[in-house]
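Asker: Could you look at this predicted model? Sequence included:
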Amino acid sequence: MSTTNKITVATTWLDGCSGCHMSFLDMDERLIELAQKIDIVYSPLVDAKELPEQVDVGILEGSISSDDDLEKAKAFRQHCKLLISLGDCAVNGNVPAMRNQFKLSDVMDRAYRENVTLQPQIPNREVPALLKTVKPIHGEVRVDVFIPGCPPSADAIWHVLNELIEGRVPDPSSVTRFGA
Ligand code: SF4
């Protein structure tokens, strides 16, 4: 908990489309109510870009596809008391995991050589290295709460956060499902 007794929350996206975070923002005016109960201490949605040492709730969107994703997932697990997988990509790999049926070298060739008209080349600087296969978050680190949906609705995210704020263990299956 923060010194204000608000629940501290950190979020980030890994290999996702940011749609789950957009769904978070779709809580609209409820965000004002939420802001009285939680502090977002790290997120693409806020200016704070350094993950604090201790966070109450971590929320991860997207799957683990690159070494950068893996590093972030491990950091969230290390620093967050409770870790949430938000959305189908985080929960089961979803769209990013479609590449798992192909060899990584074929995927790279398709993206960077065959489908470009200018300077076809595989990047080897400033682009995080892709892992051989895409994994859901729990394929690499322990996850406490799974919120399926592509994206999960704002109502589902609201429900889960409220349950946590009230000190209850949320049951997302009552408010969302895969592909919802
Ligand atoms: S679950 Fe759907 S909305 Fe969320 S990151 Fe994946 S593709 Fe985007």
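Answerer: Cool, the structure landed.

Asker: Please count neighbours and contacts with C-alpha atoms only from this point.
Answerer: Noted.

Asker: tell me the contacts of the most centrally placed residue in the chain?
Answerer: The chain has residue 61 as the residue nearest its centroid, 1.6 Å off, counting by CA atoms, centre = their mean. If a contact means CA atoms under 8 Å, 6 or more residues apart in numbering, then residue 61 has 11-16, 18, 20-21, 85-87, 89-90 as its contacts.

Asker: Could you list which of the residues you listed belong to helices?
Answerer: Secondary structure assignment (DSSP state H) places 20, 21, 89, 90 from those within helices.

Asker: any weak-confidence spans in the chain?
Answerer: Counting by pLDDT under 70, the chain contains low-confidence ranges at 1-4, 180.

Asker: Within range of the ligand, give me the residues from it.
Answerer: When proximity is defined by CA under 6 Å from any ligand atom, the chain lies next to the ligand at 16, 17, 18, 19, 20, 61, 62, 87, 88, 89, 150, 151.

Asker: Could you export the ones in helices among the contacts of residue 61 as TSV, including neighbour count?
Answerer: Rendered in TSV, the data for these read as follows (neighbours: other CA atoms under 10 Å):
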residue	neighbour count
20	26
21	24
89	31
90	31
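
Asker: re the thing from before, tell me which residues form a beta bridge with the residue nearest to the centre of the chain?
Answerer: Applying DSSP bridges to residue 61 yields these beta-bridge partners: residue 13, residue 86.

Asker: the helices in this structure, which residues?
Answerer: Here the chain has its helices, by DSSP H, at 19-25, 30-35, 67-79, 88-92, 104-109, 154-165.

Asker: Tell me which of the ones you listed sits nearest to residue 51.
Answerer: Distance to residue 51, taken as CA to CA, is lowest for helix 67-79 among the helices of the chain, at 7.8 Å.

Asker: Dump the C-alpha coordinates for the closest one into CSV.
Answerer: Extracted C-alpha coordinates of helix 67-79, given in CSV (Å, rounded to 0.1, in the frame of the first residue of the first chain):
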residue,chain,number,x,y,z
ASP,A,67,13.8,-10.8,-24.4
ASP,A,68,12.5,-7.4,-23.4
ASP,A,69,9.0,-8.8,-22.7
LEU,A,70,10.6,-11.5,-20.6
GLU,A,71,12.7,-9.0,-18.6
LYS,A,72,9.6,-6.9,-17.9
ALA,A,73,7.5,-9.9,-16.9
LYS,A,74,10.1,-11.0,-14.4
ALA,A,75,10.5,-7.5,-13.0
PHE,A,76,6.7,-7.3,-12.5
ARG,A,77,6.7,-10.6,-10.8
GLN,A,78,9.6,-9.6,-8.5
HIS,A,79,8.1,-6.2,-7.5
